[in-house]
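Q: let's see this in three dimensions:
(chains A and B)
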Amino acid sequence: GAGVSQTPSNKVTEKGKYVELRCDPISGHTALYWYRQSLGQGPEFLIYFQGTGAADDSGLPNDRFFAVRPEGSVSTLKIQRTERGDSAVYLCASSLTGSFYNEQFFGPGTRLTVL
Amino acid sequence: LAKTTQPISMDSYEGQEVNITCSHNNIATNDYITWYQQFPSQGPRFIIQGYKTKVTNEVASLFIPADRKSSTLSLPRVSLSDTAVYYCLVGDAGYSTLTFGKGTMLLVSP
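A: Got it, this is the predicted structure:
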């Protein structure tokens, strides 16, 4: 079956612009996660959805970052007034349920570059 | 959440067995140990998970001593394609998110 997909694969934007990153999880997975990875670092947690609701958004760095999952499947990560420090690879993952025991399946990521 | 410590990098040659050890001195009773692998320009991929003693799958083995304060990921007969970053993570069912460190960069040479 299809894995987790993310679009676009690359996004270049200018400082101050608004961007949206999309994640299509594996069908039937109720849990969806967003992570951010900078060069040479491990992925850093941003937000976790269980179904349609954000169960844990403690990793969002500030109020410029927002994510939605309106129908419990596709999710969109939205970044307002982008800054150069937002440049990173944004990873999405999904799992059958939201438990550490369950394997998380990661997408290939979206590489965001803010000029 | 138990802190994990693992080597920054390791080098090996094709055909050798590679063992990557992770320290997690503050592991809790209900914590499991999970390893992920990440290739360049890809998202992490689950390798193996265990609670105690030994777990083996088609990719790797995971050795966990009785005190569970460390664990060792064993990759038999590595190939060039095993060059990747390997992450050790610890958590229990109450944790939904994964907390990654910097991982271990394994470089396999011909």
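
Q: so where's chain A uncertain?
A: A:1 (pLDDT under 70).

Q: so which residues on chain A come close to chain B?
A: Taking CB under 8 Å from any CB of the partner chain as the contact definition, chain A meets chain B at A:4, A:31, A:33, A:35, A:40-45, A:48, A:50, A:55-56, A:59, A:91-93, A:98-101, A:103-109. C-betas here are computed from N, CA, C, even on glycine.

Q: what parts of chain B come near chain A?
A: B:32, B:34, B:41-46, B:49, B:85, B:87, B:91-103.

Q: just the residues of chain A next to chain B: which are in strands?
A: Secondary structure assignment by DSSP state E places A:31, A:33, A:35, A:44-45, A:48, A:50, A:55-56, A:91-93, A:105-106 of the residues of chain A next to chain B in strands.

Q: inside strands: which ones of the residues of chain B next to chain A?
A: B:Y32, B:T34, B:R45, B:F46, B:Q49, B:V85, B:Y87, B:G91.

Q: count the residues that sit near B:Y13.
A: 12 (other CB atoms under 10 Å in any protein chain shown).

Q: and it, how far is that from B:Q6?
A: 21 Å (CB to CB, to the nearest Å).

Q: go ahead and confirm B:F46 touches B:T34.
A: Yes. With contact defined as CB atoms under 8 Å, B:F46 counts as touching B:T34 (7.1 Å).

Q: so for those two, which sits in the more crowded spot?
A: Neighbour tally, B:F46 and B:T34, criterion other CB under 10 Å: the higher count belongs to B:T34, 22 against 18.

Q: what residues does the closest residue to that one other than its chain neighbours make contact with?
A: Once flanking residues are discounted, B:T34 sits nearest to B:Q49: 4.4 Å by CB to CB, 6 or more residues apart in numbering or on different chains. Counting by CB atoms under 8 Å, 6 or more residues apart in numbering or on different chains, B:Q49 touches A:Y101, A:E103, B:Y32, B:I33, B:T34, B:W35, B:V55, B:L62.

Q: lowest pLDDT pick from those residues?
A: In this model, the minimum pLDDT among the contacts of B:Q49 belongs to A:Y101 (84).

Q: tell me who's in contact with the closest residue to that one other than its chain neighbours.
A: Closest residue to A:Y101 apart from its sequence neighbours, by CB to CB, 6+ apart: B:A93 at 5.6 Å. Contact analysis of B:A93 by CB under 8 Å, 6+ apart lists A:S99, A:F100, A:Y101, B:N30.
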